[in-house]
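Undergrad: give me a model of this one.
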Amino acid sequence: MNHSLIRGSERLYGFVLHFYPASFRREFGPEMAYVFTASLQDACLEQGRRGFTRLWARTIADATKSLVIQHIEDRKERYMKTNSKNGILQNSIVRVALATALLMLLPLAASLLLEDFNWGVFDFVFTAGLLFVAGLSFDLLARRSGSMVYRAAFAVAIGTAAFLFFSNLAVGVIGSDDEPANVMYLGVIAIAVIGAVAVRFRPGGMAWAMFVAAAAQASTIVIALVFGLHTYPESSVLEIFAVNGFFMTGWIVAGLLFRWAADSEYKLGTKAVG
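TA: Here you go, the predicted model:
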């Protein structure tokens, strides 16, 4: 049998394989090409041109049926994945939207009942937006881990950041809400967020991000005392230590929980390897 005919058949079969779905081709393409070449050589060796013709006839029939089946299966798989992801996202959005609406009833009630609580439309919209983003982040990112400890840690971290932000926005941690020094507390939140993104929300890295945020929170006490911010009527030394100590505790608890989650993952991995 002419070797050029065999090589041409191999190239032609390789061309046919390109019509299969990419995922199927990556997984089975090399094996299918190998089996075809081996079968072709055996058929040609045993039956010559007749074996060559019969093998190609059988290959064309099998490939036609297989191509249709594999493309149908590929579409089904993609459809199921897309619907699953969309369903999770839609359910998360609905849950978080409802929770945000319920939480926003608190500042709404305060604005109606308290004369000193003077939030405008922008304050409500901005706060609702941040609550929604924070809640959706927790709902989606916490799904990455089946660990309840990781989810608890994430909840504490989100809660600490949200409470620090809203306390700062509503009344101000130091002095009043329009005190420029309160901007440094936004820096604390930014450090926690940037750290979380940098470590890709992995529990071990998240622990360090939370501890760094706690250190940043502690540094605000030093800054406040050095620059005499404790002389403000609304911010005594005791109040500065108490308020910042509260938020430091939140960051530290979150960090310890993340470390616990990281240790648990490590132990599970060690057991699996062992």
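
Undergrad: which strands and helices sit next to the helix or strand containing residue 204?
TA: Remark: residue 204 resides in helix 203-226, with elements defined by DSSP states H and E. Other helices and strands packing on helix 203-226, by 3 or more C-beta pairs under 8 Å, 6 or more residues apart in numbering; DSSP states H and E, are helix 148-170, helix 183-198, helix 237-273. C-betas here are computed from N, CA, C, even on glycine.

Undergrad: now the angle between helix 183-198 and that helix, please.
TA: If you take axes from the mean of the first three to the mean of the last three C-alpha atoms, to 10 degrees, helix 203-226 sits at 170 degrees to helix 183-198.

Undergrad: least trustworthy helix or strand in this protein by mean pLDDT?
TA: Counting by mean pLDDT, DSSP states H and E, the chain has its least confident helix or strand at helix 49-103, which shows a mean of 71.

Undergrad: list the contacts of the next helix or strand along the chain from that helix.
TA: Going down the chain from helix 49-103, the next helix or strand is helix 105-113, by DSSP H and E. By C-beta atoms under 8 Å, 6 or more residues apart in numbering, the residues outside helix 105-113 that reach it are 117, 118, 119, 123, 124, 127, 170.

Undergrad: pLDDT weak spots in this structure?
TA: In the prediction, the chain carries residues with pLDDT under 70 at positions 1-2, 68, 72, 75-76, 78-91, 116, 141-146, 177-178, 233, 266-274.

Undergrad: which segments of it make up each domain?
TA: If you go by automatic domain parsing, the domain ranges for the chain are 3-78, 148-273.

Undergrad: not counting sequence-adjacent ones, nearest residue to residue 166?
TA: residue 127 (6.7 Å; C-beta to C-beta, 6 or more residues apart in numbering).

Undergrad: could you say which helix or strand holds that neighbour?
TA: Under the criterion of DSSP H and E, residue 127 resides in helix 121-141.

Undergrad: equivalent analysis for residue 4, please.
TA: helix 3-17.

Undergrad: and the next helix or strand past that helix?
TA: Next element after helix 3-17 (DSSP H and E): helix 22-47.

Undergrad: gap between that next one and the chain center?
TA: Taking C-alpha atoms, centre = their mean, to the nearest Å, one finds helix 22-47 lying 41 Å from the centre of the chain it belongs to.

Undergrad: what of stretch 182-191?
TA: Put simply, stretch 182-191 sits 23 Å off its chain's centre (C-alpha atoms, centre = their mean).

Undergrad: got a list of what the residue lying closest to residue 227 once chain neighbours are set aside touches?
TA: The spatially closest residue to residue 227, leaving aside those adjacent along the chain, is residue 181, at 7.4 Å (C-beta to C-beta, 6+ apart). Applying C-beta under 8 Å, 6+ apart, we find residue 181 in contact with 174, 175, 223, 224, 227, 229.

Undergrad: give the contact list for the nearest residue to the last one once chain neighbours are set aside.
TA: The shortest distance from residue 229 to any residue other than its chain neighbours is 5.1 Å, reached at residue 174 (C-beta to C-beta, 6+ apart). Taking C-beta under 8 Å, 6+ apart as the criterion, residue 174 is in contact with 181, 182, 224, 229, 232, 234, 235, 240.

Undergrad: now residue 174, what's its secondary structure?
TA: When classified by DSSP: H, G, I helix; E, B strand; the rest coil, residue 174 comes out as coil.

Undergrad: next one: it from residue 119, what distance?
TA: 20 Å (C-beta to C-beta, to the nearest Å).

Undergrad: go on, residue 248?
TA: Distance from residue 248 to residue 119, by C-beta to C-beta: 28 Å.

Undergrad: those two: who's more crowded?
TA: Set residue 248 next to residue 119 and count neighbours by other C-beta atoms under 10 Å: residue 248 wins out with 21 against 15.
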